[in-house]
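Colleague: Just to be clear, the model below is a prediction. Sequence and coordinates:
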Amino acid sequence: MKTVAPWTRFYSSSCCLCCHVRTGTILLGVWYLIINAVVLLILLSALADPDQYHFSSSELGGDFEFMDDANMCIAIAISLLMILICAMATYGAYKQRAAWIIPFFCYQIFDFALNTLVAVTVLVYPNSIQEYIRQLPPNFPYRDDIMSVNPTCLVLIILLFISIILTFKVLLPPYDDATVNGAAKEPPPPYVSA
């Protein structure tokens, strides 16, 4: 029987940004957990002190509430769901249970499709970026600086940013590397009748 040190399984440099697929999945799951936990903390602090994050109608330039309690509760529920999905992916990768990773994989596909649609929208309707920026509150950070950028240059910057994100999401390890399971399992002992 071949013994393999535990750290070789985690620190193999076969794929997934110089990490093993399992290690890369664990790191990605933990990263998403941290991001979604921060988002949840921000949402809960906004729910606890609504005046801190409240914009009046005059600041928004419209007759609507930016974030009412119903929208806040929906955002908190989505954040909790994302924390659950990321925790499932991390646990599934750690315990080598592929079924636990499927919700995270589905989320990644949905996110990829959404980013692709945003890129196509920016490409087809380049003026939509300027219209979106005009609708932001006047005290929004760097609003005037972004408005002063050439619209064509702004479209190229946004498309470059989205392309980098999409390229990162498409970089998958080769199938052969992804299906190899650390150490080869030995067959069970032969059946001996009593």
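Modeller: Received the coordinates, thanks.

Colleague: And the residue nearest the centre of this protein?
Modeller: Nearest residue to the geometric centre of the chain (C-alpha atoms, centre = their mean): Y32, 6.0 Å.

Colleague: Measure how buried the closest residue in space to that one that isn't next to it in sequence is and give me the count.
Modeller: In this structure, Y32 finds its nearest non-sequential neighbour in C86, 4.2 Å apart by C-beta to C-beta, 6 or more residues apart in numbering. Every C-beta, even on glycine, is put in place using the N, C-alpha and C of the backbone. Other residues within reach of C86, judged by other C-beta atoms under 10 Å, total 23.

Colleague: Whichever strand or helix holds C86: which residues count as buried?
Modeller: C86 belongs to helix 69-95 when elements are defined using DSSP states H and E. Using 16 or more other C-beta atoms under 10 Å as the test for burial, helix 69-95 gives 72, 75-76, 79, 82-83, 85-90, 92-93.

Colleague: how about TSV for these, with pLDDT added?
Modeller: Converted to TSV, those look like this (pLDDT from 0 to 100):
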residue	pLDDT
M72	84
A75	89
I76	91
S79	93
M82	94
I83	95
I85	94
C86	93
A87	95
M88	94
A89	91
T90	92
G92	92
A93	89
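
Colleague: what packs against the helix or strand where T25 lies?
Modeller: Element membership of T25, judged by DSSP H and E, is helix 21-48. In terms of contacts (3 or more C-beta pairs under 8 Å, 6 or more residues apart in numbering; DSSP states H and E), helix 21-48 is packed against helix 6-10, helix 69-95.

Colleague: want to try TSV for those helices, with distance to F168 as columns?
Modeller: Formatted as TSV, those follow (distance: least, C-beta to C-beta, whole Å):
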stretch	distance to F168
helix 6-10	22
helix 69-95	17
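
Colleague: if you skip the residues just before and after it, what's nearest to L80?
Modeller: L40 (6.8 Å).

Colleague: Confirm for me that I85 is in contact with I102.
Modeller: No. With contacts counted by C-beta atoms under 8 Å, I85 stays clear of I102, the gap being 9.8 Å.

Colleague: did I read that right, S193 in a helix?
Modeller: No. Applying DSSP: H, G, I helix; E, B strand; the rest coil, one finds S193 to be coil, outside a helix.

Colleague: how many neighbours does it have?
Modeller: S193: 3 surrounding residues under other C-beta under 10 Å.
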